[in-house]
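Asks: just the structure for this:
(one chain, ligands or ions: 1)
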Amino acid sequence: MTERKLMTLPRLAQMHAGGEKIAMLTCYDAAFASLLDEAGVDMLLVGDSLANVLQGRGSTAPVSLDDMLYHTTCVRRGVKYAFVVADLPFDSYHVSKEEAWKSAAALVKAGAHMVKLEGGGWTAETVRFLSERGIPVCVHLGFTPQTVTSLGGFKVQGRDEVSAARIRRESQQAIEAGAAMLLYEMVPAALAADITATSPVPVIGIGAGVGCSGQVLVLHDMLNITPGRKPRFVKDFMAGKDSVLAGVKGYVDAVRAGSFPVDAVHGF
Ligand code: KIV
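Replies: Numbers count the residues shown, from 1 in each chain. Here you go, the predicted model:
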């Protein structure tokens, strides 16, 4: 058995280039960080979805930078191998690139290897500013939960020609600005697969089809402990499993094998 090494950006890029699928899950505390690490998850996302799953809120907008710093610190303490990405919360990077730097640097000091921000076009200047100064950035495109109101609700993005062209354009702008990773949420599988095939950086999908370089799900969704109706792209990985570790290992195996997601079932 090959010795497991710390996950790095070059290794993630290598996985993308070689068609080796990347398994990512959200994580908010040290105990789960350690379990997900043991299960072989490549990347942990300290997502601002903690608003929904931990704080019981209806949107991610109220999450503060202090909330994100606290949970990033906790997660990093539990990790030995996985690559840790932390969300820049709403209202922490919107006004200026200097404001974005302060927020992103604080997340890096708390233990993040990379930060994620939402939106294309207007964020390119910020992506360039952070990347040039040594903070790797993941750009979240497609459905962007922080701006759910202006998107008119939880809607698939990129279905028509204009909106698909926008996702293509924004992806290109993000890559040219230095983004080290893209994340697509609720994007048609064919569009995501087409962009991923020629992308120089890994593309992680959530509700974006099996053709992405890797997958992410909200931990509580795949463990089936989120109350209420789950989005179409979620699968219950605890079904038939007798431990959380087994459920998470099942997710990692399914992502690696390309058997999750099934586009006809979980895709758009
Ligand atoms: O905050 C989060 O959990 C996310 C995922 C939906 C990708 O951004």
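
Asks: CA only for contacts and neighbour counts going forward, please
Replies: Will do.

Asks: is it fair to say residue 112 lies in a helix?
Replies: No: counting by DSSP: H, G, I helix; E, B strand; the rest coil, residue 112 is not found in a helix; it is coil.

Asks: tell me, how many residues neighbour it?
Replies: By the measure other Cα atoms under 10 Å, the count of residues near residue 112 is 26.

Asks: list the contacts of it.
Replies: 72, 76, 84-86 (Cα atoms under 8 Å, 6 or more residues apart in numbering).

Asks: run the last query once more with 7 Å
Replies: Residue 112 makes contact with 72, 84-86, according to Cα atoms under 7 Å, 6 or more residues apart in numbering.

Asks: pLDDT at it, what is it?
Replies: On the pLDDT scale, residue 112 is placed at 98.

Asks: then residue 216?
Replies: 98.

Asks: that one sits in which helix or strand?
Replies: For residue 216, the host element (DSSP states H and E) is strand 214-217.

Asks: neighbour-wise, give me the winner out of the contacts of residue 112.
Replies: Highest neighbour count within the contacts of residue 112: residue 86, with 31 neighbours (other Cα under 10 Å).

Asks: and the gap between the residue in the chain that the ligand sits nearest to and residue 89?
Replies: With Cα to the nearest ligand atom as the measure, residue 47 is the residue of the chain nearest to the ligand, at 3.3 Å. The gap separating residue 47 from residue 89 is 9 Å, by Cα to Cα, to the nearest Å.

Asks: who has more neighbours out of those two?
Replies: residue 89 (26 against 22).

Asks: that one sits in which helix or strand?
Replies: Applying DSSP H and E, one finds residue 89 in no helix or strand.

Asks: also residue 36?
Replies: Using DSSP H and E, residue 36 sits in helix 30-39.

Asks: how about residue 13?
Replies: Judged by DSSP H and E, residue 13 forms part of helix 9-17.

Asks: and that helix, what's buried?
Replies: Judged by neighbour count using 16 or more other Cα atoms under 10 Å, the buried positions of helix 9-17 are 9, 12-13, 15-17.

Asks: go on, stretch 22-42?
Replies: So stretch 22-42, judged by 16+ other Cα under 10 Å, has buried residues 22-30, 32-42.

Asks: can you dump the C-alpha atoms of it in CSV for me?
Replies: Taking C-alpha atoms only, stretch 22-42 is exported to CSV below (Å, rounded to 0.1, in the frame of the first residue of the first chain):
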residue,chain,number,x,y,z
ILE,A,22,-11.5,14.1,-6.3
ALA,A,23,-13.7,13.5,-3.2
MET,A,24,-14.7,16.6,-1.2
LEU,A,25,-17.2,17.1,1.7
THR,A,26,-18.1,20.0,3.8
CYS,A,27,-16.9,19.8,7.4
TYR,A,28,-17.3,22.2,10.4
ASP,A,29,-15.5,20.6,13.4
ALA,A,30,-12.4,18.6,14.5
ALA,A,31,-14.1,15.3,15.2
PHE,A,32,-15.7,15.1,11.7
ALA,A,33,-12.5,16.4,10.2
SER,A,34,-10.5,13.5,11.7
LEU,A,35,-13.2,11.0,10.6
LEU,A,36,-13.4,12.3,7.0
ASP,A,37,-9.6,12.3,6.8
GLU,A,38,-9.5,8.7,7.9
ALA,A,39,-12.1,7.8,5.3
GLY,A,40,-9.9,9.2,2.6
VAL,A,41,-11.7,12.4,1.7
ASP,A,42,-9.3,14.6,-0.4
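
Asks: residue 192: which element?
Replies: Per DSSP H and E: residue 192 is located in helix 189-198.

Asks: hmm, who's touching that helix?
Replies: So helix 189-198 is contacted by 203, 208-209, 211-213, 263, 267-268 (Cα under 7 Å, 6+ apart).

Asks: list the neighbouring strands of the helix or strand just after that helix plus their orientation.
Replies: Following helix 189-198 in sequence order, the next helix or strand is strand 203-206 (DSSP H and E). Sheet pairing here is set by DSSP bridges, and for strand 203-206 it gives strand 181-185 (parallel), strand 214-217 (parallel).
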